[in-house]
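Participant: sequence and computational prediction follow.
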Amino acid sequence: QVQLVESGGGLVQAGGSLRLSCAASGSIFSTSTMRWYRQAPGKQRELVAAISSGGSRNYADSVKGRFTISRDNNKNTVYLQMNSLKPEDTAVYLCNALTLLLTGYWGQGTQVTVSS
């Protein structure tokens, strides 16, 4: 069974930074596309960033230039470095693993709150 555990969320002032981590158990990590989503109250879940097994990265327009996704296959961990945070970045951030067989796994989420 694959488990994803996020950490690193918290309360930060606008303009500040946070680094989220998502640790994966199981053997699927190195071959999976890893993604960060976020969901704010009353809004649809939004894809924030993705990184393929080969290291290709994609970002939502709203976070380009501010967020950086990275992965460490030796530690089975994906990271999301978030800089220049804005109040509109406030959401629950969720880690997702998409395997080669297109099976998706989700973490429980970590709350990020940005105060103005």
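Facilitator: On my side now, so go ahead. Numbering: from 1, shown residues only.
Participant: the most centrally placed residue in the chain bridge partners, please.
Facilitator: The residue lying closest to the centre of the chain (C-alpha atoms, centre = their mean) is Trp36, at 2.8 Å. Trp36 forms beta bridges with Ala49, Cys95, as assigned by DSSP bridges.
Participant: tell me the contacts of it?
Facilitator: 20, 22, 47-50, 69, 78, 80, 93-96 (C-beta atoms under 8 Å, 6 or more residues apart in numbering). The C-beta positions use only the backbone N, C-alpha and C, and glycine is treated the same way.
Participant: at 6 Å what do you get?
Facilitator: Counting by C-beta atoms under 6 Å, 6 or more residues apart in numbering, Trp36 touches Val48, Ala49, Leu80, Tyr93.
Participant: do Gly8 as well
Facilitator: Neighbours of Gly8 in contact, by C-beta under 6 Å, 6+ apart: Arg19, Leu20, Ser21.
Participant: repeat that with 8 Å
Facilitator: Leu18, Arg19, Leu20, Ser21, Thr110.
Participant: show the buried residues in those.
Facilitator: With neighbours counted by 16 or more other C-beta atoms under 10 Å, the contacts of Gly8 contain buried members at Leu18, Leu20, Ser21, Thr110.
Participant: number of nearby residues for Ser25?
Facilitator: 13 (other C-beta atoms under 10 Å).
Participant: can you pull the pLDDT of it?
Facilitator: pLDDT recorded at Ser25 is 91.
Participant: isn't it right up against Gln3?
Facilitator: Yes. Shown here, Ser25 and Gln3 form a contact pair, counting by C-beta atoms under 8 Å, at 4.5 Å.
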